[in-house]
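[1] With the sequence up front, the predicted model follows.
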Amino acid sequence: MVNQMSHGASGAIRRFAGWVARGCVGHPMLDGINYWDELKDSPSQMETCFAIFANVLELDDAGEPTNEKYAERRAATWLYKHCTGELPPGQAALQSWECQLF
């Protein structure tokens, strides 16, 4: 039996990639922060951003995402901290498991 990613999970990843590429991930948390200047020459930092989204994203028993916006917010939190050196107001520090690369 072949297990495939659900359409919902695939769509969540596609949407996140689009938000990152358009510069609007985490809107409005990252308003005024041009994270592309920080990431364009550092693919490993982009990799970390996507890893956070994927690590935080939760799926239900059918493989459908249940917390897509929260996963996006955690990735945006990392971007904010990476670009400014501090956490965005009201956001908890990232946990090591959120940033783990597999």
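    Thanks, I have the structure now. Residues are numbered from 1 along each chain as shown.
[2] Any chance you could give me the least confident helix or strand in the chain by mean pLDDT in PDB, C-alpha atoms only?
    One helix or strand of the chain scores below all others by mean pLDDT, DSSP states H and E: helix 35-39, with a mean of 88. Below are the C-alpha coordinates for helix 35-39, written out as PDB (Å, rounded to 0.1, in the frame of the first residue of the first chain):
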ATOM      1  CA  TYR A  35      13.000  38.800   4.900                       C
ATOM      2  CA  TRP A  36      14.000  38.100   1.300                       C
ATOM      3  CA  ASP A  37      17.100  40.300   1.900                       C
ATOM      4  CA  GLU A  38      18.100  37.900   4.700                       C
ATOM      5  CA  LEU A  39      17.100  34.700   3.000                       C
END
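[3] Next, the buried residues of it.
    Y35, L39 (16 or more other CB atoms under 10 Å). Glycine gets a C-beta too; all of them are placed from N, C-alpha and C.
[4] can you check stretch 20-32 too?
    Judged by neighbour count (16+ other CB under 10 Å), stretch 20-32 contains these buried residues: V20, V25, G26, M29, L30.
[5] and if you look at stretch 67-80?
    E68, A71, E72, R73, R74, A75, A76, T77, W78, L79, Y80.
[6] Let me have these in a markdown table, extended by distance to P88 and pLDDT.
    Compiled in a markdown table, the buried residues of stretch 67-80 are given as follows (distance: CB to CB, whole Å; pLDDT from 0 to 100):
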| residue | distance to P88 | pLDDT |
| --- | --- | --- |
| E68 | 19 | 98 |
| A71 | 16 | 98 |
| E72 | 13 | 97 |
| R73 | 9 | 98 |
| R74 | 11 | 98 |
| A75 | 12 | 98 |
| A76 | 8 | 98 |
| T77 | 6 | 98 |
| W78 | 10 | 97 |
| L79 | 9 | 96 |
| Y80 | 4 | 97 |
